[in-house]
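Student: Provided below for reference: sequence and predicted model.
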Amino acid sequence: MPLAKICGLSTPETLDAALRHGASHIGFVFFPPSSRHLDFAQAERLTARVPGSVGRVGVFVDPDDDTVERAVTSGKLDILQLHKTTPARMAAIRARTGRQTWAAVAVKTRANLGAARGFIGTADRILYDAKTPDGASLPGGMGLRFDWALLDGFDHPLPWALSGGLDPGNVAEAIRRTGAPLVDVSSGVESAPGVKDVDKIAAFLKAAQL
Ligand SMILES: O=C(O)c1ccccc1N[C@@H]1O[C@H](COP(=O)(O)O)[C@@H](O)[C@H]1O
């Protein structure tokens, strides 16, 4: 059975639903342009509800040291998911915080997968996510999916996760098709951008239990 991360939670009710229905990881977004962005006080209140058996993941876009340190401290984060961050910067953040790092790799073509190898030694996991359009305000969290066939036969250089456009209706097929050891969702369990839906969270986690 794959692990499952519910990302972009911002209320106690939806967080508790994700925990109750078996999420292995919970994601908290620290990126002001996102409708899911949390300030440090909100992060502290929410992450206090997460038991030690569940991974607390902070989602960042090429963050500065101060942002990462304040988020790690207030959110008691276990894992830092970094978008648009170079391998060198990833290594520096991992060394500075002592936290696991997940590198988001934006995928549109098979050639894009090659970026994963650049994170050997600096990331603990690769998160394959759909590439968002040039000029988009977010590098993820837009409900976009990439062609899962691009992963066929790919020799994964690190543990990995599948993300981008997953929802309760397609996650079982995604797992069967790709063999993903971890699936990650945000928009697919929302009723509107940034508004998580308890029933969709439950349905997603049930469908991911193959
Ligand atoms: O969710 C966001 O707002 C976000 C902001 C900045 C970087 C990444 C973000 N989300 C990540 O993208 C994946 C996929 O989202 P979706 O399911 O396609 O909507 C999400 O799980 C977050 O890890």
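Tutor: Structure received.
Student: For the rest of this, base every contact and every neighbour count on C-alpha atoms.
Tutor: Noted.
Student: looking at the protein, which residue lies furthest from center?
Tutor: Centroid-distance maximum for the chain: residue 153 at 23.2 Å, with CA atoms, centre = their mean.
Student: Quickly find the element holding that residue.
Tutor: Under the criterion of DSSP states H and E, residue 153 resides outside all helices and strands.
Student: got the residues of the chain near the ligand?
Tutor: 7-8, 31, 34, 36, 61, 138-144, 163-166, 184-188 (CA under 6 Å from any ligand atom).
Student: Filter these down to just the ones in strands.
Tutor: Counted as lying in strands by DSSP state E, out of these, are 7, 61, 184, 185.
Student: Next, the contact list for the first one, please.
Tutor: Residues in contact with residue 7 (CA atoms under 8 Å, 6 or more residues apart in numbering) are 26, 27, 28, 29, 184, 185, 186.
Student: so residue 177 is in which element?
Tutor: Assigned by DSSP H and E, residue 177 belongs to helix 171-178.
Student: Let me know the closest of the contacts of residue 7 to residue 13.
Tutor: residue 26 (13.3 Å; CA to CA).
Student: mind checking the SS state of that closest one?
Tutor: The local conformation at residue 26, judged by DSSP: H, G, I helix; E, B strand; the rest coil, is strand.
Student: quick one: it and residue 52 touch, right?
Tutor: No - look at residue 26 against residue 52 with CA atoms under 8 Å: they stay out of range, at 11.5 Å.
Student: just so I have it, where are all the strands in the protein?
Tutor: Assigned by DSSP E, the chain shows strands spanning 3-7, 25-29, 55-61, 79-83, 100-107, 125-130, 160-162, 182-185, 190-192, 195-196.
Student: Send me the third one as CSV with only the CA atoms.
Tutor: Output in CSV follows, covering the C-alpha atoms of strand 55-61 (Å, rounded to 0.1, in the frame of the first residue of the first chain):
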residue,chain,number,x,y,z
GLY,A,55,5.3,13.2,8.6
ARG,A,56,5.0,17.0,8.8
VAL,A,57,6.1,18.4,5.4
GLY,A,58,6.8,22.0,4.8
VAL,A,59,6.3,23.1,1.1
PHE,A,60,8.6,26.0,-0.1
VAL,A,61,9.6,27.7,-3.3
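Student: Quick one: list the elements packing against it.
Tutor: Helices and strands touching strand 55-61, by 3 or more CA pairs under 8 Å, 6 or more residues apart in numbering; DSSP states H and E, are strand 25-29, helix 65-75, strand 79-83.
Student: quick one, that strand and strand 3-7 angle?
Tutor: Angle of strand 55-61 versus strand 3-7, following axes from the mean of the first three to the mean of the last three CA atoms, to 10 degrees, is 50 degrees.
Student: relative orientation of strand 55-61 and strand 100-107 in degrees?
Tutor: Angle between the axes of strand 55-61 and strand 100-107 is 50 degrees (criterion: the same axes, to 10 degrees).
Student: do the same with the second one
Tutor: With the same axes, to 10 degrees applied, the angle from strand 25-29 to strand 100-107 works out at 70 degrees.
Student: Check what contacts strand 25-29 and list those residues.
Tutor: Here strand 25-29 makes contact (CA under 8 Å, 6+ apart) with 3-10, 15, 18, 36-38, 43, 54-60.
Student: cool, and the longest one?
Tutor: Residues from elsewhere that reach strand 100-107, judged by CA under 8 Å, 6+ apart: 78-85, 90, 94, 112-113, 115-116, 119, 122-132, 139, 146.
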